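Enquirer: coords please:
(one chain, ligands or ions: 1)
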Amino acid sequence: MDKIYAFYQGKIVDEKDINISVRCKGFNYGLGCFEGIRAYWNDQTEQLNVFKLKEHFERLLRSCKVLNLNIPYSSEELSDYTVELLKKNNVKYDVYVRPIVYKGAETLAPSLLDDDNRIVIYFQKIGQCLNSDKLKVGISSWTRLDDDMIPVRVKPTGGYLNSALASLEASNNGYDEAIFLTRNGNVAEGTGENIFIYKNSTLITPPVSDNILEGITRNTIMEIAEKELNIKVIQRSITRSELYEAEEAFFTGTAAEVVAIVEIDNRVIGNGKKGDVSKKLKKIFEEIIKGENKKYSKFITLVY
Ligand SMILES: Cc1ncc(COP(=O)(O)O)c(C=O)c1O
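Expert: Numbering: from 1, shown residues only. Below you'll find the predicted structure:
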């Protein structure tokens with residue numbers, strides 16, 4: 001296999017040369033934060049299009065601030081390193097880029113005070129992430145973490161145990177994915193996706209105060225729904241039964257992209273098919289991420 005390069009502590013190195021100790025705090029206690037970024041290869045233009053690269057690093061730095069993880073790089077520098085990394089690996093296919101910042105110290109105790117902060121950026125080939133484009137989902141019995149427990153408005157590695165438990169339960173129950181409720185019973189999000197419902201000509205998505213990640217795809221979808229489809233978008237709390245009565249429901253996320261939900265807790269959503277609004281949004285979104293919609297070329301960083 002060809003050499004794979006990754007970014008580690010300011011340098012682009014052979015990924016095999018990066019060693020993480022079994023004693024590392026990041027590994028032992030989940031003391032870290034991360035991002036998930038997609039880059040799309042376009043055969044026609046022979047270009048690798050990275051979607052909202054700088055926004056992802058800005059969010060990574062916000063996660064770092066919340067978790068007291070300090071790294072000496074700006075979002076511009078991290079974006080430049082990522083482009084360099086993709087070029088160095090001669091990537092000409094769709095990839096998922098994973099930056100992680102973590103506490104590298106090997107001493108006992110889950111302390112965020114240590115100043116041994118490390119950063120790695122690696123990538124992997126990716127296709128469609130969820131196993132269906134018409135999801136049957138279930139409400140999880142696991143409650144979404146509250147912001148005063150583990151702040152999931154940003155992306156702490158340890159918080160994903162909450163997601164993993166909900167995913168496990170969903171798949172054990174025969175669902176494609178889970179939806180979290182907050183402690184108050186409001187709809188929050190999926191395990192790695194934001195959620196939207198459509199009813200009465202309005203697109204509704206939970207507010208950030210309902211313990212959701214401030215999704216970058218979510219922001220994009222809100223913008224294109226308003227600007228391209230002239231649809232009213234509101235951020236407000238959604239109750240469980242509102243989900244069942246929605247005309248349409250769908251998830252958004254870097255990995256999931258835009259994906260229709262056709263059943264929730266065995267209740268059919270709308271007519272049980274992919275909704276027209278989500279189909280239209282998905283189509284525009286796909287043109288944007290492949291660099292084919294010039295109006296939104298500001299969302300794309302070209303690698304070559
Ligand atoms: C819990 C959670 N919610 C929502 C999302 C979607 O966010 P984004 O669109 O920024 O990928 C993700 C993915 O990163 C996630 O992990």
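
Enquirer: identify all contacting residues around the helix or strand hosting residue 179.
Expert: Residue 179 belongs to strand 177-181 when assigned by DSSP states H and E. Residues outside strand 177-181 that contact it (C-beta atoms under 8 Å, 6 or more residues apart in numbering): 130, 135, 137-140, 142-144, 162, 166-167, 169-170, 187-191, 193, 195, 211, 240, 243, 251, 264. Where C-beta positions appear, they are placed from N, C-alpha and C, glycine not excepted.

Enquirer: those, buried ones only, as a PyMOL selection?
Expert: In PyMOL, a selection of the buried entries from these looks like this (16 or more other C-beta atoms under 10 Å):
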select buried, resi 130+135+137+138+139+140+142+143+144+162+166+167+169+170+187+188+189+190+191+193+195+211+243+251+264
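
Enquirer: ok, which of the contacts of strand 177-181 also contact the ligand?
Expert: 189, 193 (C-beta under 6 Å from any ligand atom).

Enquirer: which residues are in contact with the nearest residue to residue 23 once chain neighbours are set aside?
Expert: Taking C-beta to C-beta, 6 or more residues apart in numbering, and ignoring the residues beside it in sequence, residue 23 has residue 106 as its nearest neighbour in space, at 3.8 Å. Residue 106 is in contact with 21, 23-25, counting by C-beta under 8 Å, 6+ apart.

Enquirer: can we see that at 7 Å?
Expert: Shown in contact with residue 106 (C-beta atoms under 7 Å, 6 or more residues apart in numbering): 21, 23-24.

Enquirer: who touches the strand or helix carrying residue 121?
Expert: Using DSSP H and E, residue 121 sits in strand 117-125. Residues external to strand 117-125 that are found in contact with it (C-beta under 7 Å, 6+ apart): 6-9, 15, 18, 69-71, 81-82, 85-86, 91, 93, 95-104.

Enquirer: picking up where we left off before, can you check my assumption that the residue nearest to residue 23 lies in a helix?
Expert: No: according to DSSP: H, G, I helix; E, B strand; the rest coil, residue 106 belongs to no helix; its state is coil.

Enquirer: per-residue confidence for it?
Expert: Per-residue pLDDT puts residue 106 at 95.

Enquirer: could you tell me which residues of this protein lie near the ligand?
Expert: 36, 163, 189, 192-194, 213, 215-218, 252-254.

Enquirer: in CSV: the residues you listed, plus distance to residue 180 and pLDDT.
Expert: What follows is those, written out as CSV (distance: C-beta to C-beta, whole Å; pLDDT from 0 to 100):
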residue, distance to residue 180, pLDDT
36, 18, 98
163, 8, 98
189, 6, 98
192, 11, 98
193, 10, 98
194, 11, 98
213, 11, 98
215, 14, 98
216, 19, 98
217, 17, 98
218, 15, 98
252, 15, 98
253, 14, 98
254, 18, 97
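
Enquirer: who wins for most neighbours among those?
Expert: The most crowded member of the residues of the chain next to the ligand, judged by other C-beta atoms under 10 Å, is residue 193 (30 neighbours).

Enquirer: contact partners for that residue?
Expert: 251-253, 256.

Enquirer: out of those residues, which is nearest to the ligand?
Expert: Of all the contacts of residue 193, the ligand sits closest to residue 253, with 3.4 Å by C-beta to the nearest ligand atom.

Enquirer: distance of the nearest residue to that closest one once chain neighbours are set aside relative to residue 24?
Expert: In this structure, residue 253 finds its nearest non-sequential neighbour in residue 193, 3.9 Å apart by C-beta to C-beta, 6+ apart. The gap separating residue 193 from residue 24 is 29 Å, by C-beta to C-beta, to the nearest Å.

Enquirer: quickly find the element holding residue 78.
Expert: helix 75-88.

Enquirer: likewise for residue 98?
Expert: Residue 98 is part of strand 95-103, with elements assigned from DSSP H and E.

Enquirer: find the closest residue to the ligand in the stretch 1-150 of the chain.
Expert: Counting by C-beta to the nearest ligand atom, the stretch 1-150 of the chain gets nearest the ligand through residue 36, at 4.9 Å.

Enquirer: name all residues that make contact with that residue.
Expert: 96, 98, 254-255.

Enquirer: and if you look at residue 272?
Expert: Contacts of residue 272 were listed using C-beta under 7 Å, 6+ apart, and they are residue 262.

Enquirer: pull out the buried residues from stretch 83-103.
Expert: 83, 85-86, 89, 91, 94-97, 99-103.

Enquirer: now pLDDT and distance to residue 285 too, for these, in JSON lines please.
Expert: JSON lines is the format used below for the buried residues of stretch 83-103 (pLDDT from 0 to 100; distance: C-beta to C-beta, whole Å):
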{"residue": "83", "pLDDT": "98", "distance to residue 285": "22"}
{"residue": "85", "pLDDT": "98", "distance to residue 285": "25"}
{"residue": "86", "pLDDT": "98", "distance to residue 285": "21"}
{"residue": "89", "pLDDT": "97", "distance to residue 285": "26"}
{"residue": "91", "pLDDT": "97", "distance to residue 285": "21"}
{"residue": "94", "pLDDT": "97", "distance to residue 285": "15"}
{"residue": "95", "pLDDT": "97", "distance to residue 285": "18"}
{"residue": "96", "pLDDT": "98", "distance to residue 285": "17"}
{"residue": "97", "pLDDT": "98", "distance to residue 285": "18"}
{"residue": "99", "pLDDT": "98", "distance to residue 285": "23"}
{"residue": "100", "pLDDT": "98", "distance to residue 285": "26"}
{"residue": "101", "pLDDT": "98", "distance to residue 285": "28"}
{"residue": "102", "pLDDT": "98", "distance to residue 285": "31"}
{"residue": "103", "pLDDT": "97", "distance to residue 285": "36"}
